[in-house]
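Colleague: this is a predicted model, with the sequence first.
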Amino acid sequence: ELRTQNSELRTQNSELRTQNFELPVLLLARHSTISDASRFCYSAPMITRVIVLVIDGLGVGAMPDAAEYGDAGSNTLSHLASAVGGLNLPTLEALGLGHITEIKGVQVMGQPEGCFGRLGFLSKGVDSMVGYWEMAGHLTDVAGPLYPNGFPPDMVAVLEQAFGCKVIGNRCASGTVMLRECEAEHLSSGAMIVWTDGRRTCHVAAHDSAMRPDKFFQRCRDARKLLKDPWGIWRVSAHPLLGNARAVQFSPQPRAFVLEPPGPTMFDMLNRASQILVGVGKVGDLFSGRGLTRSVPVGHWTALLAEVTGMLKKVPRGLIFAGLDVLESDAAQSATALHDFDRRLPGLLEQLHPGDLLVLTGDHGRDITKADQVPTREYVPLLATGPKLAHGVHLGIRASAADLGHTIVEALQGGQLPVGESFLDALRAG
């Protein structure tokens, strides 16, 4: 089935070349056109350091199988731009974002400063865990359970046993919605707020007045072990709450307790190649720290982006892989945050040196037009740039996000991932 999807996506990639939003000046990054692409770049050095920024929920259009997930017609970025009257993203625009999907306010640049395309997903499921795992080279080929109406009573009983108290909420929704609905009852009763994205993840929130953070995290860790079978929960996300009544908000430092990837990932391979591997934000939790040299805990995305920028003076080689929760549940707030991200990005770009590769992408979509605002089955952007690397090369629709992991492992001389197809030659053309 995965091979069939792969074939269908490659056919769609071929069709994409003829769509109107592609200008004649653009070049498709296939082996037959690499020599032509050289006129957009200088002599490319060996890549010795890769920086990946993954913006949570940054979707750019429904995948062919989106209807199977109830996500037909989804397009996170396009719908967000329409909702706020357009987005102003000059830095991302210059890298080629306008060539990936139609976004109100974002132009199609004639000669982008980066390479661009879309990443698709072959894995079964839609969430950060599945998305990050596939980017790292592990495909999830088993469809998980569906919980569109919340968790069943027997699972709720196990949760209440794990936390030693009642749970409230228990439906498919966003965290913002659940906090608004359950805040008062939670503060008065101490009951845990529980919700789901409808699939493999169980979200739990607790104020520090109801349970100390260290105890709360331990209970969430215990719950993850209890919920794997027969309910198929692979991730329990712990959301500490801060603030007083009617002003409670999520802490910027949630934790995720996740089943380890069942197979090898790019972190395992690069670790064996003695590369420096830094996971920033949710990355450490999503891979249980496996293979990483260092993990920077989850924090506000502005602090994490500053941390990554600072690392460029301290980490001379290897991989810096960062997860950034930039988008909000509110359209206006999401637009403001994206504008802020775009303004801050040049500070990182200015720190890049020959031998660096910067990649910006997402892990799934999160279309604001969907009432529950859970992850949506979408393509995610693929923007790649670096000093003396190729410019203006269309990387096409990649059948699998594993292409990114395959490219990174090859660039850093870690061997070859068993899945994915590298686009390194296109980046180093010339």
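Modeller: Nice, thanks for sending it over.
Colleague: return the residues in contact with the nearest residue to Phe287 once chain neighbours are set aside.
Modeller: Beyond its immediate neighbours in the sequence, the residue positioned closest to Phe287 (C-beta to C-beta, 6 or more residues apart in numbering) is Phe267, lying 6.1 Å away. For every residue, glycine as well, the C-beta is placed using N, CA and C. By C-beta atoms under 8 Å, 6 or more residues apart in numbering, the contact list for Phe267 reads 136, 277, 279, 287, 290-292, 319.
Colleague: need the max-distance pair from the residues you listed.
Modeller: Taking C-beta to C-beta as the measure, the contacts of Phe267 reach their widest spread between Arg290 and Leu319, a distance of 13.9 Å.
Colleague: how far away is Leu338 from Pro346?
Modeller: Counting by C-beta to C-beta, to the nearest Å, the gap between Leu338 and Pro346 amounts to 15 Å.
Colleague: which one of those two has more residues nearby?
Modeller: For Leu338 against Pro346, the residue with the higher neighbour count under other C-beta atoms under 10 Å is Leu338, and the figures read 23 against 12.
Colleague: double-check that that one belongs to a strand.
Modeller: No - residue state for Leu338 (DSSP: H, G, I helix; E, B strand; the rest coil) corresponds to helix; a strand is not indicated.
Colleague: surely it touches Pro90?
Modeller: No - the pair Leu338 and Pro90 fails to qualify as a contact (C-beta atoms under 8 Å) at a distance of 11.8 Å.
Colleague: check contacts around the nearest residue to Leu95 once chain neighbours are set aside.
Modeller: Spatial nearest neighbour of Leu95, chain neighbours left out: Gly114 (3.7 Å); criterion: C-beta to C-beta, 6+ apart. Contacts of Gly114 were listed using C-beta under 8 Å, 6+ apart, and they are 94-96, 383-385, 391.
Colleague: what ranges do the strands span in the stretch 151-300 of the chain?
Modeller: Remark: strands of the stretch 151-300 of the chain, listed N- to C-terminal, are 167-172, 192-196, 201-207, 235-242, 249-250, 255-258, 277-280, 294-296; assignment by DSSP state E, counting those that start in this stretch.
Colleague: I'd like to know which elements the fourth one is packed against.
Modeller: Spelled out, it's strand 235-242. In terms of contact count using 3 or more C-beta pairs under 8 Å, 6 or more residues apart in numbering; DSSP states H and E, strand 235-242 is assigned the packing partners helix 175-189, strand 201-207, helix 213-227, strand 249-250, strand 255-258.
Colleague: in its sheet, what does it sit against?
Modeller: strand 201-207 (parallel), strand 249-250 (antiparallel), strand 255-258 (antiparallel) (DSSP bridges).
Colleague: list the buried residues of it.
Modeller: For strand 235-242, the neighbour count (16 or more other C-beta atoms under 10 Å) marks 235-241 as buried.
Colleague: so, low pLDDT: which residues of the chain?
Modeller: Regions of the chain meeting the criterion pLDDT under 70 cover residues 1-45, 429-430.
Colleague: please enumerate the helices of it.
Modeller: With DSSP state H applied, the chain shows helices at 2-16, 34-37, 76-83, 90-95, 128-135, 153-163, 175-189, 213-227, 266-272, 283-286, 301-311, 331-349, 402-411, 424-427, listed in chain order.
Colleague: for Gly323, which of those helices is the nearest?
Modeller: Shortest separation from Gly323 across those is recorded for helix 283-286, at 5.2 Å, computed as C-beta to C-beta.
Colleague: mind listing what's buried along that closest one?
Modeller: 283-286.
Colleague: including distance to Ala143, could these go into CSV?
Modeller: Putting those into CSV (distance: C-beta to C-beta, whole Å) gives the following:
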residue, distance to Ala143
Val283, 25
Gly284, 27
Asp285, 23
Leu286, 20
